[in-house]
Each structure stands twice: as C-alpha cells, then as structure tokens.
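Peer 1: Fold the following.
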Amino acid sequence: MFSFNDVIGQEALKSRLMQEVQEGRVPHAQLFCGPNGTGKLALALAYARYLCCPHRTATEACGTCPSCVKWEKLVHPDVHFVFPIVKNAKAKKECCDDYIAQWRRLLLSSVYFDMNHWLDEMGAENGQPIIYAKESDILIRKLSLKANQGGYRVCIVWRPELLHEACANKLLKLLEEPPSQTLFLLVSQAPEQLLPTILSRTQRRNVPPLQETEIAAALQQRFGLQQEESLSIAHRANGSFLKALEAIHLNEENDYFFDLFVRLMRLSYQRKIREMKAWSEEVAALGREKQKSFLQYAQRMIRENFVYNLHQPQMNYMTQAEQNFAVRFAPFINERNVMGLMDELTEAQRHIEGNVNARMVFFDFSLKMIVLLK
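Peer 2: Next comes the predicted model:
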C-alpha cells in the first residue's frame with residue numbers, strides 16, 4: 001500500500017523522483033498538479049513513504065521497517081496531512097485532526113478519489129470545503145517538535161487551492177523558512193488558484209493524463225476485466241483512472257447527471273417554462289459540490305456532441321447511452337452556438353462557486369438554453 005507499484009503509469013515521473021532521492025536532491029517544497037484521476041495524490045504518498053524509509057532500494061521502500069509498517073496504517077508520527085473540511089459544530093469537528101479517522105479510511109480504501117468522495121466520507125451536505133486558517137497554527141506547532149523517527153518530516157497538503165487566505169500566507173512563511181529536514185508536498189488540481197508566491201517557492205511536478213493502455217492494464221489486473229471491455233472503458237476515461245473506476249462501478253451520480261442534462265435540453269427546446277423552473281429547483285436542492293460537478297458534466301456533453309458532428313469516433317468519449325442521445329441531439333450543437341453554450345455553463349459555474357442563489361443561477365441558465373438551442 002502507498003508504494004510506487006500502486007501508482008498507475010507515470011513511469012517517467014516515478015523514475016525522476018526516485019533518482020532525486022538517491023542523489024540527495026530533494027526540494028523542500030513540491031507541487032504535484034494535473035487533471036483529476038491521474039494519480040497526483042498516489043504519487044505524493046508513494047514518494048513520501050519512499051523518502052521516510054531508511055532501508056529503501058533503488059526502486060521502492062523496503063516495506064518491512066518500522067517506518068513502512070506505520071505507513072501501511074497511515075499512523076507515521078512524522079507525516080502530517082492538511083485537507084479541506086466542512087466544519088461540524090454539533091460534532092465539534094473544526095480541524096483536520098478531527099477528521100483524521102475518516103481521511104485514513106478513505107485513503108486506505110483507494111488513493112484515487114475526488115472531492116465528492118471526501119465530502120461523502122465526512123458526511124458533509126451543502127457545506128463548502130475549505131482549509132481554515134486554524135490549520136496553519138496547528139501545523140506550525142507540529143513542525144516545531146523534533147522528528148520522531150529521526151529522518152524527514154512530511155506535510156502533505158491536498159487541494160491547497162482551497163486554503164483560506166490567512167492560512168495560505170502562513171504556509172507561505174513556512175515555505176520561505178522551512179524547518180530542517182521538512183518536506184512539503186502540495187497536491188493541487190487547480191494550481192492557477194494558488195498564490196503566485198507559493199507557486200514560485202515550489203518545485204512543480206506536472207502529472208500528465210494516463211495512457212489508455214495503462215488504464216486498461218490496471219483495470220484488467222485489479223478488476224479482472226477482459227481486454228476489449230477494459231480498452232473501451234479506458235478510451236472513455238480520457239486519461240483519468242477515476243473516470244474509469246466510475247464507469248466500471250456504474251456511477252449513479254453520472255447517470256443522474258445524464259438524466260438532468262437530457263431533461264434540460266428537451267424542456268428548453270420545447271420551451272416548457274414551468275417544467276424548467278421545477279428542474280432548476282431540483283438542481284438547486286443538490287449540494288454546491290454536486291452542482292459544480294453537474295456543470296462540468298454538462299460542459300463535457302456539449303463538447304462531445306459538437307465533436308460527434310465531425311464523424312470521428314476515435315475522438316468521442318461517451319457512454320453508449322450518451323451516444324444514443326447524441327444521434328439526434330448533436331446536430332443542435334454547432335459553430336453558431338457551441339461557444340455561447342460553453343460560456344453560459346462557465347458563467348453558471350462561476351456564480352455557483354461565488355455562492356450566488358442556485359435557483360436563480362440554474363433557472364436563468366435554462367432560459368438562455370432556449371435561445372441558444374433555437
């Protein structure tokens with residue numbers, strides 16, 4: 001668990017990381033960034049475990065020393081995690097340490113997950129996940145103590161783009177004046193949202209999309225899928241192992257998003273205003289993270305249907321149900337409206353992220369679909 005062998009693909013990056021450790025060239029602050037589902041967190045965890053192991057080989061941690069044994073259960077005293085949370089006043093959960101049991105449980109089940117999985121694990125509903133200012137004070141206190149195992153102390157920050165401004169500024173100070181033998185690993189999906197001063201003080205590790213053959217091989221090895229099925233899923237996954245996992249588990253959320261999208265397009269085309277208002281209220285009742293996920297899904301569907309018109313099957317990444325819908329719907333997505341549709345979806349997502357009233361956002365968006373589809 002948490003070894004380089006558990007990381008799918010990314011062979012060039014793995015080799016570079018291991019070589020730097022072997023040569024004693026370990027940057028004190030590193031930023032793992034890339035698309036969702038490419039293994040950023042898996043890489044950071046494997047790298048940290050490798051660095052902590054005093055008996056590491058040229059390619060892997062030993063797996064048997066006290067450090068590795070503690071890593072297997074995520075209880076290494078010199079490894080600290082910082083991640084977004086939703087405060088729960090009733091349960092008196094106000095910092096990462098209060099959620100550490102849920103965090104460990106999620107990581108031990110799979111290192112390939114997204115924010116929605118973490119929100120479900122926390123039991124959060126409509127809350128906006130954030131890394132609160134308090135976390136920086138807790139981290140400073142932890143790092144002031146001597147390393148328990150006598151080697152590196154590692155701080156893994158998942159989704160640093162969600163840092164509260166005060167927390168980001170204190171983290172910046174730690175990066176500028178790092179404690180001795182301390183490694184900061186930031187795992188980001190949106191590095192452009194980080195403070196420029198934080199970006200400038202980190203060694204960037206770009207984690208590219210996975211190859212279809214890498215995803216297919218992992219599906220065959222881990223789930224026993226046949227080659228043809230695994231290649232089909234890998235193609236639709238578009239470089240993300242997380243999307244491949246969702247496909248094989250018949251993700252209900254994506255099915256629901258497909259239903260929402262189809263209903264909206266049909267209602268907008270038929271100009272059924274009353275039903276469109278009911279649709280917008282249904283979407284508004286979802287949590288903000290799911291609303292953002294739906295808008296991302298809708299953007300993907302617009303892109304896929306536009307590309308569908310080019311009659312290049314190898315360029316399409318749709319499920320069979322989505323392709324069946326595209327047969328009749330794709331002609332309505334063309335050069336005259338595709339940019340307008342994408343702009344409206346982007347604006348709606350920006351408003352949702354800014355906590356604008358969701359009913360207004362989605363009803364306004366649905367009305368604009370009438371004009372754009374016609």
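
Peer 1: and the longest helix for the protein?
Peer 2: Among all segments of the chain classified by DSSP state H, the helix with the greatest residue count is helix 288-308.

Peer 1: For stretch 23-38, which outside residues touch it?
Peer 2: Under the contact criterion Cβ atoms under 8 Å, 6 or more residues apart in numbering, stretch 23-38 has outside partners 10, 20, 40-41, 43-44, 51, 112, 114, 152, 175, 178, 182-189, 191, 194, 199, 201-210, 237, 239-244. Every residue, glycine included, has its C-beta placed from N, CA and C.

Peer 1: Mind checking which of those land in strands?
Peer 2: For these, the ones inside strands are 182-188, 203-206, with DSSP state E as the criterion.

Peer 1: on that earlier part again, who does the longest helix of the chain touch, helix- and strand-wise?
Peer 2: helix 115-122, helix 252-270, helix 273-284, helix 320-329, helix 338-353, helix 358-373 (3 or more Cβ pairs under 8 Å, 6 or more residues apart in numbering; DSSP states H and E).

Peer 1: re earlier: with the ones in strands among the contacts of stretch 23-38 in mind, which one is nearest to Arg274?
Peer 2: For the ones in strands among the contacts of stretch 23-38, the minimum distance to Arg274 (Cβ to Cβ) is 42.8 Å, reached by Ser188.

Peer 1: Just list the residues touching that closest one, thanks.
Peer 2: Taking Cβ under 8 Å, 6+ apart as the criterion, Ser188 is in contact with 31-33, 40, 159-161, 194.

Peer 1: Out of the residues you listed, name the ones that lie in strands.
Peer 2: 31-33.

Peer 1: any chance of these in CSV, with neighbour count, distance to His80 and pLDDT too?
Peer 2: Conversion of those to CSV gives the following (neighbours: other Cβ atoms under 10 Å; distance: Cβ to Cβ, whole Å; pLDDT from 0 to 100):
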residue, neighbour count, distance to His80, pLDDT
Leu31, 24, 17, 95
Phe32, 28, 16, 96
Cys33, 22, 20, 94
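
Peer 1: which of those residues lies closest to Leu171?
Peer 2: Of all these, Leu171 sits closest to Leu31, with 12.0 Å by Cβ to Cβ.

Peer 1: quick one, what contacts the nearest residue to that closest one once chain neighbours are set aside?
Peer 2: In space, and not counting its chain neighbours, Leu31 is closest to Thr202: 4.0 Å by Cβ to Cβ, 6 or more residues apart in numbering. Residues counted as contacts of Thr202 (Cβ under 8 Å, 6+ apart) are 27, 29-31, 175, 184, 186.

Peer 1: one more time with 7 Å
Peer 2: Listed by Cβ atoms under 7 Å, 6 or more residues apart in numbering, the contact set of Thr202 reads 29-31, 186.

Peer 1: Can you pull the phi/psi pair for it?
Peer 2: Thr202 adopts backbone torsions of phi -120, psi 150, taken as degrees, to the nearest 10.

Peer 1: Repeat that for Lys70.
Peer 2: Dihedral pair for Lys70: phi -70, psi -40, per degrees, to the nearest 10.

Peer 1: And for Gly123?
Peer 2: Phi and psi for Gly123, reported as degrees, to the nearest 10, are phi 80, psi 20.

Peer 1: confidence score at it?
Peer 2: According to the predicted model, the pLDDT of Gly123 comes to 83.

Peer 1: Skipping its backbone neighbours, what lies nearest it in space?
Peer 2: Residue nearest to Gly123 in three dimensions, not counting chain neighbours: Asn88, with 7.7 Å by Cβ to Cβ, 6+ apart.

Peer 1: Now do the one you found, the pLDDT please.
Peer 2: Turning to Asn88, the model gives it a pLDDT of 81.

Peer 1: Report the beta-bridge partners for it.
Peer 2: Per DSSP bridges, residues listed as beta-bridge partners of Asn88: Lys93.

Peer 1: neighbours around it, how many?
Peer 2: Asn88: 15 surrounding residues under other Cβ atoms under 10 Å.

Peer 1: now the helices for the stretch 101-250 of the chain?
Peer 2: With DSSP state H, counting those that start in this stretch applied, the stretch 101-250 of the chain shows helices at 115-122, 134-143, 165-176, 196-200, 212-223, 227-237, 241-248, listed in chain order.

Peer 1: What's the mean pLDDT across the fourth one?
Peer 2: What it means is helix 196-200. Helix 196-200 carries an average pLDDT of 91.

Peer 1: Quick check: the closest residue to Tyr269 other than its chain neighbours vs Ile248, distance?
Peer 2: In this structure, Tyr269 finds its nearest non-sequential neighbour in Leu373, 5.2 Å apart by Cβ to Cβ, 6+ apart. With the distance defined as Cβ to Cβ, to the nearest Å, Leu373 ends up 33 Å from Ile248.

Peer 1: of those two, who's got more company?
Peer 2: Neighbours per residue, other Cβ under 10 Å: of Leu373 and Ile248, the larger number sits with Leu373, 18 against 15.

Peer 1: show me the contacts for the more buried one.
Peer 2: If you count contacts by Cβ under 7 Å, 6+ apart, Leu373 has them with 265, 268-269, 332.

Peer 1: Equivalent analysis for Glu212, please.
Peer 2: For Glu212, the contacting residues are 231, 234-235, taking Cβ under 7 Å, 6+ apart as the criterion.

Peer 1: again, only using 10 Å
Peer 2: The neighbourhood of Glu212, defined by Cβ atoms under 10 Å, 6 or more residues apart in numbering, consists of 230-239, 244.
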